[in-house]
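Engineer: Below: sequence and its predicted model.
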Amino acid sequence: MARITIIYDNRAARGDLYPGWGFSALVEKEGTRLLFDIGGDKIVLEHNAITLGIDLERTEYLFLSHEHCDHIGALSSALHSGLTVVYPASFSAGFKKRIADEKLTAVPVEGPVEFHPGFSSTGELGRGIKEQSLIVFGEDGPALITGCAHPVIVEIARVATDLASRPLSLVLGGFHLGSKEDSEVEAIAESLELLGVKRVAPCHCTGERAMKVLSGSSSFDYIEVKAGTTVEI
């Protein structure tokens, strides 16, 4: 059984965890530990990781969705010897130099790629802000993890479904729906249902109003996630 533990989010599930604008999650599958994004503040990331019993230096992979500060700001807390960093090829030259200077294994991503058994990238998506999302193959089927879903959550889910060749068991992460009207969110829920999505776990930049609409939808099962939440896949 694979599992996803939310380390960093705008909301915290427990009083001993810090909330913070940004997102980070630890994905564990068959002995492999992958850190998805790292939030914006190293104090929040490190405190929550310690409180949750997560050793950031025991991760094999760092998977970065896009180069916004609320997703890569705590970079110094996540880098360590032996780490493989998977990031969109469109990242800045300064970021690439940092990874090279640290002598870490770099995996710049352009198109879809399986970079480790059971772990795949959707490849860079979007015409403006380039972003990659993660597909993890769990016992229940493929799970999709998004950072902010700038390339549009339905489009990302459609790409992931095609790459996985089957419906997604879970879509988790930022959906970027804060500016959407209720009717637009309802249409998005219907589109995800048509794709066969079984569960959704929106957080971070999804927006409180949009999350309320999604939680009331009959299109799929809704999972409330915050910093400290663990979801099995």
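Structural biologist: Happy to help now that I have it. Remember, it's a predicted structure, so these values are computed and weren't measured experimentally. Numbers count the residues shown, from 1 in each chain.
Engineer: wouldn't Arg199 be in contact with Phe220 here?
Structural biologist: Yes. Applying CB atoms under 8 Å, one finds Arg199 in contact with Phe220, separated by 5.9 Å. Yep, even glycine has a C-beta here, placed from its N, CA and C like the rest.
Engineer: Quick check: neighbours shared by those two?
Structural biologist: Here Arg199 and Phe220 have no joint contacts, going by CB atoms under 8 Å, 6 or more residues apart in numbering.
Engineer: correct me, but Thr59 touches Thr84?
Structural biologist: No. Judged on CB under 8 Å, Thr59 makes no contact with Thr84 at a distance of 9.3 Å.
Engineer: Look at those two and report which has more neighbours.
Structural biologist: It is Thr59, of Thr59 and Thr84, that has more neighbours when counted by other CB atoms under 10 Å, with 21 against 17.
Engineer: pLDDT score assigned to the more buried one?
Structural biologist: Note on Thr59: pLDDT of 98.
Engineer: so where do the helices sit in this protein?
Structural biologist: 42-51, 69-72, 75-78, 93-101, 153-164, 182-194, 208-215 (DSSP state H).
Engineer: isn't Ser215 right next to Ile223, touching?
Structural biologist: No. With contact defined as CB under 8 Å, Ser215 does not reach Ile223; the gap is 9.3 Å.
Engineer: Looking at the two now, which is surrounded by more residues?
Structural biologist: Ile223 (15 against 12).
Engineer: For that one, give me its contacts.
Structural biologist: Residues near Ile223 by CB under 8 Å, 6+ apart: 170, 172, 199-201, 229, 231.
Engineer: Export the helices of the chain as a markdown table, with columns for distance to Gly15 and mean pLDDT.
Structural biologist: Formatted as a markdown table, those follow (distance: least, CB to CB, whole Å; pLDDT from 0 to 100):
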| stretch | distance to Gly15 | mean pLDDT |
| --- | --- | --- |
| helix 42-51 | 10 | 98 |
| helix 69-72 | 23 | 96 |
| helix 75-78 | 22 | 97 |
| helix 93-101 | 35 | 98 |
| helix 153-164 | 31 | 98 |
| helix 182-194 | 30 | 97 |
| helix 208-215 | 20 | 96 |
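Engineer: Of those, which stretch is the most buried?
Structural biologist: Stretch with highest mean neighbour count among those: helix 69-72 (a mean of 22; mean count of other CB atoms under 10 Å).
Engineer: residues near Ser92, how many?
Structural biologist: By the measure other CB under 10 Å, the count of residues near Ser92 is 9.
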